[in-house]
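K.L.:
Take this sequence and fold it.
(chains A, B, C and D)
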Protein chains: 2
Amino acid sequence: MTIDHLDARLVALLAAEPRIGVLECSRRLDVARGTVQARLDRMAAKGVITGYGPDIDPAALGFDVTAFVTLHIRQVAGHVPVADQLAGIPEVLEVHTITGGGDMLCRVVARSNADLQRVIDLIVDVQGVVRTESVIALDTPVPYRTLPLVRAAGG
Amino acid sequence: MTIDHLDARLVALLAAEPRIGVLECSRRLDVARGTVQARLDRMAAKGVITGYGPDIDPAALGFDVTAFVTLHIRQVAGHVPVADQLAGIPEVLEVHTITGGGDMLCRVVARSNADLQRVIDLIVDVQGVVRTESVIALDTPVPYRTLPLVRAAGG
DNA sequence: TGATTCGGTGGACAATTTGCTCAGTCTCTG
DNA sequence: CAGAGACTGAGCAAATTGTCCACCGAATCA
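P.N.:
As a prediction, the model looks like this:
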């Protein structure tokens, strides 16, 4: 879908000050309320805006350690059952199937390095998982963001 | 920070139906409005809730390709200037410094495989980046989520 | 035991916002 | 030129918000 400058500014505004309403947005962007409403509805309908948080910081909940675990799986049964099992582990935040040496990549969190071992053990126990390789995220100089992308897409 | 069952339910409710207000939450959870307000304020103050979207789907904007790029950098100057440069590329959604063979891991998106090459070229051009290894995400059986973690943390 | 603090309840109030509708204007396009 | 699509500005009733208050029960502590 194509996004224009106003859409981009609207998303940026909401990202910066999420609790402001439609009316306040229209004032800030200097357009009519109906326009803001229509833009938001359109972006939601097209799937550009998938939801409105709340955004949770795992670290604030005590899950300080983030790691990326590459999985090698036995291919016979396919990856779907493996993914289903992984989905059952709360510490697994995200799973992708990937190209390259590994078969799947997942992002996991844990309360400590020792706790990470527990989580990895849970993953290794999943039926079909042959081997894992883990990489710990030491620091996150650029946390997940989409604003620059939105600006790039929307002028 | 510690989270209790009510906090977890509140977050889950807001995640499921983001546009409902405090009052509606209090009705759904069968508690007083002040309680909901207090809980949300507390979680926001403690950093558990970092914001309220809007959540953007890069794929809906035409950025269909997601890749994870491992960077090997020249260590002399440290990774901070590298991270700063990377932050200037809109398609770079996230950057971590990591343990293991590589030095940094970043998540990037692109409009196509050909476009991914362009983005990777941008990354390679960053001062201090020696080499990159890319892995393309073919499918995402478990998209990024924190709800199960919240439930696990909150009972 | 008695006093205090904390978190929750339930109610109240004005001010604001929402959801919805409508008529009018502008620009682009066939 | 007519029609479609997008935006404006306005209006209205209903709902929500922010902010008070008094009160209650449980836990804590001297």
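K.L.:
Which neighbours in the sheet does the longest strand anywhere in chain A have, and how are they oriented?
P.N.:
The longest strand of chain A (DSSP state E) is strand A:129-142. Strands that pair with strand A:129-142, judged by DSSP bridges, come out as strand A:65-73 (antiparallel), strand B:92-98 (antiparallel).
K.L.:
Identify, out of the ones you listed, the most deeply packed stretch.
P.N.:
strand B:92-98 (a mean of 23; mean count of other Cβ atoms under 10 Å in any protein chain shown). C-beta: built from backbone N, CA, C; applies to glycine.
K.L.:
which is the next helix or strand following that one?
P.N.:
Next in sequence after strand B:92-98, counting helices and strands by DSSP states H and E, comes strand B:104-110.
K.L.:
Pull up the pairing partners for that following strand, direction included.
P.N.:
Using DSSP bridges, strand B:104-110 pairs in its sheet with strand B:65-73 (antiparallel), strand B:92-98 (antiparallel).
K.L.:
so can I have JSON lines of the strands paired with strand A:129-142 showing distance to DNA strand C and mean pLDDT?
P.N.:
Putting these into JSON lines (distance: least, Cβ to the nearest atom of the strand, whole Å; pLDDT from 0 to 100) gives the following:
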{"stretch": "strand A:65-73", "distance to DNA strand C": "28", "mean pLDDT": "98"}
{"stretch": "strand B:92-98", "distance to DNA strand C": "29", "mean pLDDT": "98"}
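K.L.:
So which of the ones you listed is nearest B:P141?
P.N.:
strand A:65-73 (11.6 Å; Cβ to Cβ).
K.L.:
which residues touch the closest one?
P.N.:
Under the contact criterion Cβ atoms under 8 Å, 6 or more residues apart in numbering or on different chains, strand A:65-73 has outside partners A:58, A:79, A:82, A:98, A:101-113, A:115-116, A:120, A:123, A:128-137, A:140, B:68, B:96, B:98, B:105.
K.L.:
quick one on the thing from earlier: distance to A:V31 for the strands paired with strand A:129-142 - can I get that in CSV?
P.N.:
Shown next, in CSV, are these (distance: least, Cβ to Cβ, whole Å):
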stretch, distance to A:V31
strand A:65-73, 40
strand B:92-98, 29
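K.L.:
nearest to A:A16, of these?
P.N.:
Closest of those to A:A16 is strand B:92-98, at 17.8 Å (criterion: Cβ to Cβ).
K.L.:
So which residues of chain A form helices?
P.N.:
Applying DSSP state H to chain A gives helices spanning A:5-16, A:22-29, A:33-46, A:80-87, A:113-124, A:147-154.
K.L.:
neighbours of the closest residue to DNA strand C within chain A, just the number please.
P.N.:
With Cβ to the nearest atom of the strand, the shortest gap between chain A and DNA strand C falls at A:G21, namely 2.1 Å. Look at A:G21: counted by other Cβ atoms under 10 Å in any protein chain shown, it has 10 neighbours.
K.L.:
And it, its phi and psi?
P.N.:
When read as degrees, to the nearest 10, the backbone of A:G21 gives phi -90, psi -180.
K.L.:
Find the residue closest to A:L122 in space, skipping its chain neighbours.
P.N.:
Excluding the flanking residues, the one nearest A:L122 by Cβ to Cβ, 6 or more residues apart in numbering or on different chains is A:I89, at 5.3 Å.
K.L.:
Just the buried subset of the contacts of strand A:65-73, please.
P.N.:
By neighbour count, with 16 or more other Cβ atoms under 10 Å in any protein chain shown, the contacts of strand A:65-73 hold A:58, A:79, A:82, A:98, A:102-111, A:115-116, A:120, A:123, A:128-129, A:132, A:134-137, B:68, B:96, B:98, B:105 as buried.
K.L.:
circling back to that earlier point, angle of the longest strand of chain A against helix A:80-87?
P.N.:
50 degrees (axes from the mean of the first three to the mean of the last three Cα atoms, to 10 degrees).
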